[in-house]
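Visitor: Using only what follows, build the 3D model:
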Amino acid sequence: MTGFEGTKYPEPEELLERCLQEQRSLVSGFKGDERCDPKLWEESRHPNQVAISLSGEPTLYPHLGEFIALCKRKGMTTFLVTNGSVPKALANLSSLPSQLYVTVAAPNEELFKRVCVPQFDGAWENLMETLELLPSLSTRTVIRHTLVRDWNLGWEDEYARLDEIASPTFIEPKGYVFVGDSRTRMTIENMPSHSSVVEFSRRIADRLSLEILAEREDSRVTLIGKKGSKLKIVE
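Guide: Numbers count the residues shown, from 1 in each chain. Model (predicted):
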């Protein structure tokens, strides 16, 4: 599955140009604000980092590999975020992103169905196939655990077993934020505290002989990896 039959998709060049146009439109109004640094404003009109995420599942886009290659030719760093539902698309990418995030928001199939509410059969099996694929991909990989209080926070042994299968460059536990469509199923009380995210991270790191390399309290997020790992991407 790499798309929907009959759907017309934009070519990579068109898609990237439209994204750049939207970025320039988004920041256009800041130029007239006296608090705006002209140098930073001009820099914002020429982004060099592309996050391929947040608008549906990006691996369904049939020209994803070509789009990533185009971004690289233009000197852009690419971050691909996937839910792991289309492992074949990842395995067949003609060009890999600078960094690949896979969201693992549940420690087992039962919780996966409750938290993620998959729209098709076999979603958990596909995610497992994606985790098994990750060690063979020659790029930086990250497992992101989005943690929801009273839903999927805990089960460190099971999460660690999944992380061990994926053998990612980094693990990123992050607290759930009460925004978007999730508000129809959850409440603001389901946002975990930063301290609980840190404690979860310590337990995961201990089980995998890793370390907490960084944390950001206002985002309720930590970064787990091997001691001495380079955090900055150099391509």
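
Visitor: What residues sit buried inside stretch 20-37?
Guide: Across stretch 20-37, burial judged by 16 or more other Cβ atoms under 10 Å covers Val27. The C-beta positions use only the backbone N, C-alpha and C, and glycine is treated the same way.

Visitor: Tell me where the model's unsure across this structure.
Guide: Low-confidence segments of the chain, defined by pLDDT under 70: 1-6, 235.

Visitor: Centre-most residue in it?
Guide: Geometric centre of the chain, nearest residue: Val81, 3.4 Å, by Cα atoms, centre = their mean.

Visitor: Which parts of this structure are strands?
Guide: Ranges of strands in the chain, per DSSP state E, are 49-52, 77-82, 99-103, 140-147, 170-175, 211-216, 221-225.

Visitor: could those strands go into JSON lines alongside distance to Pro12?
Guide: Shown next, in JSON lines, are the strands of the chain (distance: least, Cβ to Cβ, whole Å):
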{"stretch": "strand 49-52", "distance to Pro12": "11"}
{"stretch": "strand 77-82", "distance to Pro12": "12"}
{"stretch": "strand 99-103", "distance to Pro12": "18"}
{"stretch": "strand 140-147", "distance to Pro12": "22"}
{"stretch": "strand 170-175", "distance to Pro12": "28"}
{"stretch": "strand 211-216", "distance to Pro12": "32"}
{"stretch": "strand 221-225", "distance to Pro12": "30"}
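
Visitor: Nearest to Val197 among these would be which one?
Guide: For Val197, the closest of the strands of the chain is strand 170-175, at 4.9 Å, according to Cβ to Cβ.

Visitor: Just give the closest residue to Ala69, not the sequence neighbours.
Guide: With sequence-adjacent residues excluded and distances taken as Cβ to Cβ, 6 or more residues apart in numbering, Ala69 is closest to Ser95, at 3.8 Å.

Visitor: now Ser138
Guide: Spatial nearest neighbour of Ser138, excluding adjacent residues (Cβ to Cβ, 6+ apart): Leu96 at 6.7 Å.

Visitor: Surely the one you found and Thr139 touch.
Guide: Yes: the criterion here is Cβ atoms under 8 Å, and Leu96 meets it with Thr139 at 4.3 Å.

Visitor: Compare those two (neighbour count), which wins?
Guide: Leu96 (19 against 16; other Cβ atoms under 10 Å).

Visitor: For that one, give me its contacts.
Guide: Under the criterion of Cβ atoms under 8 Å, 6 or more residues apart in numbering, the contact list for Leu96 reads 68, 137-139.

Visitor: Cheers, nothing more for now.
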